[in-house]
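**Student:** Got a predicted structure here, sequence first:
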Amino acid sequence: MSIKSDRWIRRMARERRMIEPFEPGQVKEADGRRVVSYGTSSYGYDIRCSNEFKLFTNINTTIVDPKNFDPHSFVDLKGDVCIIPPNSFALARTVEYFRVPRNVLVLCLGKSTYARCASSSTSPRSSPNGRGM
């Protein structure tokens with residue numbers, strides 16, 4: 001099986017409702033503001049995170065068993081921003097719903113844009129006032 005092109009993604013979204021809501025193009029601006037891009041790209045589809053997050057943080061310094069998580073280690077968040085504390089991670093729900101055919105394998109990668117979102121005060125080269133050196 002080959003890698004599916006953006007044409008195939010558009011056709012499947014139109015004919016089989018594979019992605020809903022579907023954006024046939026690459027959106028980089030909304031209401032005159034630049035946004036983290038979403039929609040169909042070359043050989044892929046950039047999804048959007050909804051405003052619902054499940055934040056895992058080990059504030060109780062308990063032993064973390066991946067097969068038996070302590071429910072007290074999770075915090076449900078709803079908002080436009082999710083600040084992830086050190087030694088934590090967040091799970092997010094997508095805005096889009098996917099109906100992927102059984103004979104298709106989907107690979108989901110984190111967007112590097114999200115990894116670069118950091119305050120200047122967290123930079124190792126910044127001063128205490130957050131203005132840099």
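**Tutor:** Yep, that arrived.
**Student:** List the contacts of the nearest residue to Arg17 once chain neighbours are set aside.
**Tutor:** The spatial neighbour of Arg17 that comes closest, neighbours along the chain excluded (Cβ to Cβ, 6 or more residues apart in numbering), is Arg99 at 6.1 Å. (Glycine included, C-beta is placed from N, CA and C.) Contacts for Arg99 (Cβ atoms under 8 Å, 6 or more residues apart in numbering) come out as Arg16, Arg17, Met18, Ile19, Glu20.
**Student:** Now pLDDT too, for these, in TSV please.
**Tutor:** Rendered in TSV, the data for these read as follows (pLDDT from 0 to 100):
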residue	pLDDT
Arg16	95
Arg17	96
Met18	95
Ile19	95
Glu20	96
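**Student:** for those, which one is nearest Ala92?
**Tutor:** Within the set of those, Ile19 lies nearest Ala92; the separation is 16.8 Å, counting by Cβ to Cβ.
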